[in-house]
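Participant: below are the sequence and a predicted model; questions follow.
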Amino acid sequence: MGDTRPATLEVAGQRTGAHRRGAVVAALMLSMALAALDSTVVSTAVPQIVGDLGGFAVFSWLFSGYLLAVTVTLPLYGKLSDTFGRKPVLVAGASLFLLGSLLCALAWNMGALIAFRVVQGLGGGALQGTVQTLAADLYPLKERPRIQSKLSTVWAVSAVAGPALGGVLAAYADWRWIFLVNLPIGAVALWLIVRHLHEPQRAAGPEPSARARVDWAGAAAVFACGGVLLTALVQGGVAWPWLSGPSLGLFGTGLALAGLVVAVERRAAQPVIPGWVWRRRTIAAVNLALGALGLLMVAPSVFLPTYAQSVLGLGPVAAGFVLSVWTLSWPLSAALSQHVYRRIGFRDTALLGIGAAALVLVAFPFLPYPGAAWQPTLLMLLLGAALGLFQLPLLVGVQSTVGWSERGTTTASVLFCRQTGQTVGASVFGAVANGVLAARLGGAGDLDSVTRALDAGTAPETVRRAVASAVHAVYLGASCAAALAFVVLLCVAPRRFPVLGDDGDLPGEGRG
């Protein structure tokens, strides 16, 4: 399975090593915070941005462009980090992210801002994938839950705090500060990485030149294929109908490019997406299961705030609190999951978590109408606890089945599947919600127009009930995604993850 040596820091003395590792971990947490913040921070500043730059018809690409760039570059950065090391990829990605942030702050119209958000996303892909990979490099298996739970906490808090921070900066300063604040934070992270991260030299193989060979043709094909298909999913049902010419054309082009990706990657000496990612049962099962996780996460993160405001009558702050409580239970559950998987193994712990998540999601449609705010809040606490028990054992487990030279590619494939699942979920569940609303209201509108009417206080009680039914349908769909993840783990994943000996076997795990 390649080089199985852990890529620890080269240090002189234990105290120096601990200091350097702490500095690197601080840099990873800052990098993770930047990547998470910029996925949500723009949302509440849209009115100010549109008022200044115009371009209301295309402002959604401020989010979509960033998301697309992050997602499609994950496989490339994973392969590059396995080829050249984590440090150069992280330094290059952070530099590109900061350049994109500066350019966004200087944007003169909406088109320029969207283009610079894509530049940001190109750097953000390196931040997301390489940070998670380095976390596994720096810590042995028994200590990885601690660092991964810290990163999960940073991600969750930053993602939830993003809209509030964006709103404050847009209201009391200027929307350009949303991007300018990245510069000092990112500069500190970059300095810590350059100063304190020293990866050991890897032993040269029989063909040293092969290590530096990059499959640029495959990277371009993957980028084009992912960009076209994700654009079709993001814009379908929004910018044009699903069965329209643009939608069908994009899906057809994406499928053709997918065939090209397969052809190019089968010929490449060092493919960006190597075949072993899907031939190994453990990695394939984790990819599919975390793809389903991305799918089901759309239900609470996108639709619960609408439910809280439209059905429960809560204000924006209170609605945000109902959603944010899972950021409390998720990291805590993730940190404690090691005590479970050390007893019953990675797969069975994940099965326990996703099974509980499916039950919580199924319970949501049975909440009384209109109900009290504590009821969905309690469900979100339970859902966060269940998903923490599900995600972290799979991430730690799959990273422990590969050596250093394959860990970046493996981690990137997992994150790519989760990101793709979120994109698919947003499209599918958006269509489900709008379909239920159309059926209940006789085709009188979609979720966006209905929500605006509710906010203005002009919608009757029947509309509120229709929104409740639409969100209930989305949660049922999310429970089906959780059930799919359960079945995949049960039928595809080996009961004993083939943990490498250098990481130390766990009870219930081994070289199966």
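Facilitator: Looks like it came in fine. Numbers count the residues shown, from 1 in each chain.
Participant: okay, now the unreliable bits of the chain?
Facilitator: 1-19, 43-44, 56-57, 200-212, 238, 317, 443-459, 501-512 (pLDDT under 70).
Participant: domain ranges for it, per the record?
Facilitator: Per automatic domain parsing, the structural domains of the chain span 11-198, 215-269, 274-512.
Participant: got these as TSV, with mean neighbour count columns?
Facilitator: The way it works is simple: take the backbone N, C-alpha and C, and place the C-beta from them, glycine included. Shown next, in TSV, are the domains of the chain (neighbours: other C-beta atoms under 10 Å):
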stretch	mean neighbour count
domain 11-198	20
domain 215-269	17
domain 274-512	20
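Participant: for this structure, which residue occupies the most central location?
Facilitator: Nearest to the mean C-alpha position of the chain, by C-alpha atoms, centre = their mean, lies residue 419 at 4.7 Å.
Participant: how far away is that one from residue 401?
Facilitator: 21 Å (C-beta to C-beta, to the nearest Å).
Participant: with residue 494 instead?
Facilitator: From residue 494 to residue 401 the distance is 10 Å (C-beta to C-beta).
Participant: which residues are common contacts for these two?
Facilitator: residue 282 (C-beta atoms under 8 Å, 6 or more residues apart in numbering).
Participant: give the next helix or strand downstream of the strand or helix carrying residue 318.
Facilitator: Per DSSP states H and E, residue 318 falls inside helix 316-324. Later in the chain than helix 316-324, the nearest helix or strand by DSSP H and E is helix 326-344.
Participant: tell me which strands and helices that next one is in contact with?
Facilitator: Applying 3 or more C-beta pairs under 8 Å, 6 or more residues apart in numbering; DSSP states H and E, we find helix 326-344 packed against helix 144-172, helix 346-363, helix 374-399.
Participant: what angle do the helix or strand hosting residue 478 and helix 346-363 make?
Facilitator: Using DSSP H and E, residue 478 falls within helix 461-491. With axes from the mean of the first three to the mean of the last three C-alpha atoms, to 10 degrees defining the directions, helix 461-491 sits at 160 degrees from helix 346-363.
Participant: can you spell out which helices and strands pack onto helix 461-491?
Facilitator: Short answer (3+ C-beta pairs under 8 Å, 6+ apart): helix 461-491 packs on helix 281-298, helix 304-310, helix 346-363, helix 404-441, helix 447-455.
Participant: swap in 10 Å and give it another go.
Facilitator: Secondary structure elements in contact with helix 461-491, counted by 3 or more C-beta pairs under 10 Å, 6 or more residues apart in numbering; DSSP states H and E, are helix 281-298, helix 304-310, helix 346-363, helix 374-399, helix 404-441, helix 447-455.
Participant: among the ones you listed, which is nearest residue 162?
Facilitator: Nearest of the helices and strands packed on helix 461-491 to residue 162, taken as C-beta to C-beta: helix 304-310 at 13.5 Å.
Participant: for the closest one, what is the distance to the chain centroid?
Facilitator: 23 Å (C-alpha atoms, centre = their mean, to the nearest Å).
Participant: what's the answer for stretch 302-313, then?
Facilitator: Worked out by C-alpha atoms, centre = their mean, stretch 302-313 lies 23 Å from the chain centre.
Participant: if we can go back for a sec, and the contacts of the helix holding residue 318?
Facilitator: 44, 156-157, 159-161, 163-164, 167, 300-310, 312-315, 373-380, 384, 455 (C-beta atoms under 10 Å, 6 or more residues apart in numbering).
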